[in-house]
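Trainee: my questions are about this predicted structure, shown below with the sequence.
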Amino acid sequence: MKFGKRLKQQIQETFPGWRDKFVSYKDLKKLVRLISAAPPMMNGSLEFGRAEAEFVYSLNNEIEKLNAFFMEQEEDFVIRHKEVKQRIERVAHIWGPNGSNPSEMIHKEEMERIKKDIVDFHGEMVLLMNYSNVNYTGLAKILKKYDKRTGGLLRSPFIQKVLQQPFFTTDLISKLVKECETTIDTVFPAAAEENEGGGGGGEGIQREGDTIKVSGEGIFRNAVAALLTMQELRRGSSTYSHFSLPPLNLSDSDLIQSVQLNSPIPIP
């Protein structure tokens, strides 16, 4: 699948509020086409410099958009992560076996609500990591097109800038994903088994040969699709370069093992 179609599919499968936050790949591609279709310009000429400056201006606007959205989501996730931990402690303190007002029924109901929220929260963070991957890939590919069609040498220096951008730096989100999975494994061990086997709430993943089947709807299904997309974006060359996507800094959970996300593969 060509990247433009893959990006369109990713946008359709994400949250409605995220859909205008992705890189404007189609618009950038049109700009590259216009520049390359213009009368031949010598690299280093005034005309070429102006055209390249316009292209870089558009790229910088896209990066600002990506950074603003990513940092907003990241901040929200940090707050929600703290709130989830506080909810677990509060439920145990009030309705748990050693709580101030013990109630097995209420404790179970409240913990079920928290479990669902954690699973959704985990899925949203995986989607944000996929957002980072997809948008980096879009920028790298459009820069490759620009250099190829115009004879410019913009890709390498600009990618070095992209690698330092907030939207590309997913260490904090990866840490929150790990902590979320640890919470599920320790506080809700039955939920981890259900996700592995596809039982319980009707959501799960099963492998039949080389085919992965996903049951369930909503965030869980989209998160698995995002993980598969991240795997696909890393498939290709076996060599490393400064255009390579970094390793997925995720834990060895059953979900991640199921979709076999193992190694960083450069963008072809």
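Mentor: It's in. Since we're looking at a predicted model, the values are computed, not measured.
Trainee: which residues of the stretch 101-250 of the chain fall in strands?
Mentor: 204-208, 211-215 (DSSP state E, counting those that start in this stretch).
Trainee: and those strands, which one averages the lowest pLDDT?
Mentor: Lowest mean pLDDT of the strands of the stretch 101-250 of the chain: strand 211-215, a mean of 34.
Trainee: could I get stretch 12-23 in PDB with only the CA atoms?
Mentor: What follows is stretch 12-23, C-alpha atoms only, in PDB (Å, rounded to 0.1, in the frame of the first residue of the first chain):
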ATOM      1  CA  GLN A  12     -10.100   7.300   9.200                       C
ATOM      2  CA  GLU A  13      -9.400   4.800  12.000                       C
ATOM      3  CA  THR A  14      -8.400   7.300  14.600                       C
ATOM      4  CA  PHE A  15     -10.500   9.600  16.800                       C
ATOM      5  CA  PRO A  16     -12.500  12.300  15.000                       C
ATOM      6  CA  GLY A  17     -10.800  15.000  17.000                       C
ATOM      7  CA  TRP A  18      -7.400  13.800  15.800                       C
ATOM      8  CA  ARG A  19      -8.100  13.700  12.100                       C
ATOM      9  CA  ASP A  20      -6.900  17.200  11.200                       C
ATOM     10  CA  LYS A  21      -3.800  16.900  13.300                       C
ATOM     11  CA  PHE A  22      -1.800  14.600  11.000                       C
ATOM     12  CA  VAL A  23       0.800  15.800   8.500                       C
END
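Trainee: which residues touch that stretch?
Mentor: By C-beta atoms under 8 Å, 6 or more residues apart in numbering, the residues outside stretch 12-23 that reach it are 7, 10-11, 62, 65-66, 69, 127, 131, 134-135, 138-139, 142, 222, 225. Every residue, glycine included, has its C-beta placed from N, CA and C.
Trainee: where does this protein dip in pLDDT?
Mentor: Applying pLDDT under 70 to the chain picks out residues 1, 38-45, 189-268.
Trainee: hey, which helix is longest across it?
Mentor: Scanning the chain for the longest helix, with DSSP state H as the assignment, gives helix 46-95.
Trainee: so which elements touch that helix?
Mentor: helix 25-37, helix 104-150, helix 155-162, helix 171-187 (3 or more C-beta pairs under 8 Å, 6 or more residues apart in numbering; DSSP states H and E).
Trainee: got the buried residues for the shortest one?
Mentor: Buried residues in helix 155-162, counted by 16 or more other C-beta atoms under 10 Å: 155, 158-159, 162.
Trainee: quick revisit: tell me the most buried of the helices and strands packed on helix 46-95?
Mentor: Highest mean neighbour count of those: helix 104-150, a mean of 19 (counted as mean count of other C-beta atoms under 10 Å).
Trainee: that one to helix 25-37, inter-axis angle?
Mentor: 10 degrees (axes from the mean of the first three to the mean of the last three C-alpha atoms, to 10 degrees).
Trainee: and helix 104-150, what does it pack against?
Mentor: Taking 3+ C-beta pairs under 8 Å, 6+ apart as the contact definition, the neighbouring helices and strands of helix 104-150 are helix 3-13, helix 25-37, helix 46-95, helix 155-162, helix 171-187, helix 189-197, helix 218-233.
Trainee: could you dump those helices to JSON lines with distance to Phe121?
Mentor: Compiled in JSON lines, these are given as follows (distance: least, C-beta to C-beta, whole Å):
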{"stretch": "helix 3-13", "distance to Phe121": "18"}
{"stretch": "helix 25-37", "distance to Phe121": "29"}
{"stretch": "helix 46-95", "distance to Phe121": "6"}
{"stretch": "helix 155-162", "distance to Phe121": "28"}
{"stretch": "helix 171-187", "distance to Phe121": "6"}
{"stretch": "helix 189-197", "distance to Phe121": "13"}
{"stretch": "helix 218-233", "distance to Phe121": "9"}
